[in-house]
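Novice: Sequence and predicted structure below; questions after.
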Amino acid sequence: MNGMGKLYFRYGTMGSAKTAMLLTQAYNFEERGMEYLCMKPIIDDRENDNVIRSRIGIERKCEWIYPDTDIYAVIKQLYESTHIVKNWILIDEAQFLSASQVDQLARIVDDYGTNVVCYGLRTDFQSHMFEGSRRLFELADSIDEVKSTCSCGRKTIINARIDSTGQIVTDGEQVEIGGDDKYVALCRRCWRNRRIESASRGALKFE
């Protein structure tokens with residue numbers, strides 16, 4: 001075992017091509033004959049099969065991470081059965097990890113020298129940080145923002161939730177799986193303006 005691995009967190013808003021980056025990285029590892037593993041929290045159940053799929057149509061098989069999965073135990077068992085250390089672990093939708101699962105990833109990095117790259121959102125539709133993302137900000141060796149642009153030209157930072165009419169939604173559960181039909185990436189100013197616009201139309205309820 002060596003201690004040369006790193007824990008990476010690459011975050012961005014929805015539609016910033018994070019998943020495409022992950023899949024491209026996996027393809028490059030495969031071409032170079034490197035040992036890698038793709039993983040994804042099962043909470044994102046839009047797919048019928050255990051695949052990571054990008055909006056541009058490319059996909060790759062992955063291992064599900066369940067809410068009670070001990071990721072460290074999974075990697076330890078894999079090593080003990082094959083005696084092969086994965087050079088890289090690529091994780092999609094990392095915001096859905098629990099804090100303890102992020103701790104497990106950090107331990108994999110430290111004990112096995114594996115590089116773990118987590119791709120995910122920073123915050124939810126109310127601009128509050130996800131549990132997994134918060135822990136990654138606390139523990140990651142390297143943090144990079146995958147930038148994308150709002151329709152106004154500014155950088156997107158908000159994953160705004162919308163209803164069937166395109167109005168901004170401010171209430172609801174933190175996790176609601178969806179794509180372009182339910183979310184739009186906005187800069188902070190456009191998010192604020194669209195909330196005001198929706199409120200003026202009586203679409204929002206304020207306590």
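Specialist: Received the coordinates, thanks.
Novice: next structured bit after the worst-scoring helix or strand of the chain on mean pLDDT?
Specialist: Across the helices and strands of the chain, mean pLDDT, DSSP states H and E gives its lowest value to strand 51-53, namely a mean of 70. Going down the chain from strand 51-53, the next helix or strand is strand 59-61, by DSSP states H and E.
Novice: List the buried residues of the helix or strand that comes right after that next one.
Specialist: Downstream of strand 59-61, the next assigned helix or strand under DSSP H and E is strand 63-65. Across strand 63-65, burial judged by 16 or more other C-beta atoms under 10 Å covers 63, 65. To be clear about C-beta, it is placed using only N, CA and C from the backbone, and glycine gets the same treatment.
Novice: contact partners of strand 63-65?
Specialist: 37-42, 50, 71, 74, 91, 97, 101 (C-beta atoms under 8 Å, 6 or more residues apart in numbering).
Novice: which of the residues you listed count as buried?
Specialist: Here, 16+ other C-beta under 10 Å leaves 37-41, 71, 74, 91, 97, 101 buried among the contacts of strand 63-65.
Novice: any idea how far the most centrally placed residue in the chain lies from Arg135?
Specialist: Of all residues in the chain, the one closest to the mean position by C-alpha atoms, centre = their mean is Gly120, 1.9 Å from it. The gap separating Gly120 from Arg135 is 11 Å, by C-beta to C-beta, to the nearest Å.
Novice: what do you get for Ile84?
Specialist: 28 Å.
Novice: Of those two, give the one with the bigger neighbour count.
Specialist: Arg135 (23 against 9; other C-beta atoms under 10 Å).
Novice: Wait, a helix at that one?
Specialist: Yes - assessed by DSSP: H, G, I helix; E, B strand; the rest coil, Arg135 belongs to a helix.
Novice: Isn't it up against Val102?
Specialist: Yes - contact criterion C-beta atoms under 8 Å: Arg135 and Val102 qualify, at 3.9 Å.
Novice: residue boundaries of the helices in the chain?
Specialist: Ranges of helices within the chain are 18-31, 71-82, 99-112, 131-139, 188-200, based on DSSP state H.
Novice: And the first one, how far out from the chain middle?
Specialist: Read it as helix 18-31. How far helix 18-31 lies from its chain's middle: 15 Å, per C-alpha atoms, centre = their mean, to the nearest Å.
Novice: what does stretch 90-102 give?
Specialist: Distance of stretch 90-102 from its chain centroid, counting by C-alpha atoms, centre = their mean, is 7 Å.
Novice: Val169 contacts Gln126, correct?
Specialist: No - with contact defined as C-beta under 8 Å, Val169 does not reach Gln126; the gap is 9.5 Å.
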